[in-house]
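A.B. asks: One predicted model, sequence on top.
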Amino acid sequence: SDGLGKTRSAVKQSLDRFLGRPPDQALIDDLEASLLGADLGARVVDRLITQVNEQARSVSGTTVADLQNLLSQTLYGVLKPVAGSSLEELLNKGPKPFIILVVGVNGAGKTTTIAKLAQRLSQAGRRPLLVAGDTFRAAAIDQLQVWADRVGAELIRQRHGADPAAVAFDGIVAAKARHADVVLIDTAGRLHTKSNLMDELRKVKRVIGQELPGAPHEVLLVLDATSGQNALAQARQFHEAVGVTGLALTKLDGTARGGILVAIAEELKIPVRLIGVGEGVDDLQDFNAEAFVAALFG
Ligand code: GDP
């Protein structure tokens, strides 16, 4: 499953209304509303609807297929410049160990995404090392341990309440000593003390860079697609604090507003690397702009 079923069905309904009718203003308004409802963002929707209006004015006998093509091409034009490399490509051309700092608010799906990634990486013959940098939640450390054991990866951890920067430091030292390929560093995501959290993440990042110049090689922000515009606000904050280099959008399967992915990528110009399309350990996919567009309008 591409995870976009719910988002697609709303858009498809309004596209289907064009069947066998000339695209009049009421139909176009309806389409605009459904695109906005999918959370594609006002700017992107404006571009799409401008194209549709032009087509409707200049070409008589526009078919639904024509519209699908037009919408697909325009949206692809928005996404392609921010498509970026896949994680696999980054790992292939990047240094070893390749350090990935995973950030995001509690509940976004950080732990699950790390677990899914660890499994995928070890299945691909790499040696991931996990680092339990969310020392604020004892449960997060234990949960990560369960996942690490399950996929046969090592977990670097300290006691509950330890300094996250110290845990990250340990993780880098261990990765160098044990020739790990990839290091996945979990971090805290408590929302109620936001400025402290951002300070803490900045410190974690600084310490990583001191111990391994050039690292982290990826700051991966995990966002819950079901949180809609909140996800966009979070993306701005995290980006400002720690310089996000890649996005993972989780729970696309649980929302009719999967277009938020486009709004975020378009505004922040940060590539979407991964999408979460379910709770299972295999439900993590590389983001593919072409497939996404086809799934939305196809
Ligand atoms: P964290 O607090 O950021 O570490 O979040 P967790 O990894 O614990 O995830 C929070 C909840 O979201 C869990 O119940 C996960 O199973 C669920 N979750 C994570 N990713 C996905 C996804 O792609 N799809 C669905 N449906 N649920 C997800």
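C.D. replies: Structure's in. What do you need? Residues are numbered from 1 along each chain as shown.
A.B. asks: What helices and strands are in contact with the host helix or strand of Ala263?
C.D. replies: Element membership for Ala263, per DSSP states H and E: helix 260-268. If contacts are counted by 3 or more C-beta pairs under 8 Å, 6 or more residues apart in numbering; DSSP states H and E, helix 260-268 sits against helix 42-58, helix 64-79, helix 229-242, strand 246-250, strand 272-276. (Glycine included, C-beta is placed from N, CA and C.)
A.B. asks: Quick one: distance of the first one to the chain centre.
C.D. replies: In this case it means helix 42-58. For helix 42-58, the separation from the chain centroid amounts to 27 Å (computed by C-alpha atoms, centre = their mean, to the nearest Å).
A.B. asks: Can you list the buried residues in it?
C.D. replies: Using 16 or more other C-beta atoms under 10 Å as the test for burial, helix 42-58 gives Val44, Val45, Arg47, Leu48, Ile49, Gln51, Val52, Gln55, Ala56.
A.B. asks: what does stretch 180-193 give?
C.D. replies: Ala180, Asp181, Val182, Val183, Leu184, Ile185, Asp186, Thr187, Ala188, Gly189.
A.B. asks: How about stretch 82-99?
C.D. replies: Buried residues in stretch 82-99, counted by 16+ other C-beta under 10 Å: Val82, Ala83, Gly84, Ser86, Leu87, Leu90, Leu91, Gly94, Lys96, Pro97, Phe98, Ile99.
A.B. asks: of those, closest to Ser122?
C.D. replies: Nearest to Ser122 out of these is Leu91 (C-beta to C-beta; 12.8 Å).
A.B. asks: mind listing which of the buried residues of stretch 82-99 are in helices?
C.D. replies: Leu87, Leu90, Leu91 (DSSP state H).
A.B. asks: Thr111: which of those residues is nearest?
C.D. replies: Ranked by distance to Thr111 (C-beta to C-beta), these are led by Leu87 at 17.5 Å.
A.B. asks: any weak-confidence spans in this structure?
C.D. replies: 192-195 (pLDDT under 70).
A.B. asks: Which parts of the stretch 151-298 of the chain are helices?
C.D. replies: Per DSSP state H, counting those that start in this stretch, the stretch 151-298 of the chain has helices spanning 164-178, 194-211, 229-242, 260-268, 289-297. These are given in chain order.
A.B. asks: how about the last one: buried residues?
C.D. replies: What it means is helix 289-297. Per 16+ other C-beta under 10 Å, helix 289-297 contains these buried residues: Ala289, Phe292, Val293, Ala295, Leu296, Phe297.
A.B. asks: Next, count neighbours for Val281.
C.D. replies: 16 (other C-beta atoms under 10 Å).
A.B. asks: related to what we said a few turns ago, among the helices and strands packed on helix 260-268, which comes closest to the ligand?
C.D. replies: strand 272-276 (2.4 Å; C-beta to the nearest ligand atom).
A.B. asks: what does the stretch 1-150 of the chain have sitting close to the ligand?
C.D. replies: By C-beta under 6 Å from any ligand atom, the residues of the stretch 1-150 of the chain that approach the ligand are Gly104, Asn106, Gly107, Ala108, Gly109, Lys110, Thr111, Thr112.
A.B. asks: ok, of those, which come out buried?
C.D. replies: Burial by neighbour count, 16+ other C-beta under 10 Å: within these this picks out Gly104, Asn106, Ala108, Gly109, Lys110, Thr111, Thr112.
A.B. asks: The fifth one and Lys116 touch, don't they?
C.D. replies: No: taking C-beta atoms under 8 Å as the contact criterion, Lys110 and Lys116 are not neighbours in contact, 10.9 Å apart.
A.B. asks: Could you single out the nearest of the buried residues of stretch 82-99 to Ser227?
C.D. replies: Checking the buried residues of stretch 82-99 one by one against Ser227 (C-beta to C-beta), the nearest turns out to be Val82, at 20.2 Å.
A.B. asks: ok, now how distant is the closest residue in space to the closest one that isn't next to it in sequence from the ligand?
C.D. replies: If the residues on either side of it in the chain are set aside, Val82 comes closest to Ala265, at 4.5 Å by C-beta to C-beta, 6 or more residues apart in numbering. Distance, Ala265 to the ligand, by C-beta to the nearest ligand atom, to the nearest Å: 17 Å.
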